[in-house]
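K.L.:
the amino acid sequence is not available; the structure is as follows:
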């Protein structure tokens, strides 16, 4: 049975949530999530709308210009390298030492993105947050026919 994009998207969110749970520790709370950004004319506008909407209990929303948003095209292999770093090289990462199991997980994640979103253009998203965002993070934009998605990989204590 072929998987629908909607079902694949739900599975992808579950996979990311599971990897975050496995990497959690008493002083480490990872956030791995995929968010559909508001409709916009282009990637830059979608990112500007998203980041300018963020605030914290201590900091009000800041204009997009304050975030210094930049993007760089990237490849699926670069995204896989980032996943591998976040999933297995962080302090509380699960002890999956078998390279074949790691590759299997990365393959399933990428295949699920392809089913959920179709062809995507990948971009690494770089920012200089004017407010607290995460202790450390890495963001990617996935541009598809269904919209612009932000894949956020982050960790806070």
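P.N.:
Everything's here; your move. If you're wondering where the values come from, they're calculated on a predicted model, not measured in any experiment.

K.L.:
and the one helix or strand residue 152 maps to, what other elements does it pack with?
P.N.:
Following DSSP states H and E, one finds residue 152 within strand 147-156. Contacts defined by 3 or more Cβ pairs under 8 Å, 6 or more residues apart in numbering; DSSP states H and E place strand 147-156 against strand 29-36, helix 43-52, helix 76-88, strand 136-144. Using the backbone N, CA and C atoms, a C-beta is placed for each residue, glycine as well.

K.L.:
show me which residues of stretch 106-118 are buried.
P.N.:
Residues of stretch 106-118 classed as buried: 106, 109, 112, 113, 115, 116, 117 (neighbour count, 16 or more other Cβ atoms under 10 Å).

K.L.:
figure out how far that stretch is from the centre of its chain.
P.N.:
Relative to the centre of its chain, stretch 106-118 is centred 13 Å away, using Cα atoms, centre = their mean, to the nearest Å.

K.L.:
please apply the same query to stretch 36-55.
P.N.:
On the basis of Cα atoms, centre = their mean, stretch 36-55 sits 15 Å off its chain's mean C-alpha point.

K.L.:
same question for stretch 11-21.
P.N.:
Centre to centre, stretch against its chain (Cα atoms, centre = their mean), the figure for stretch 11-21 is 11 Å.
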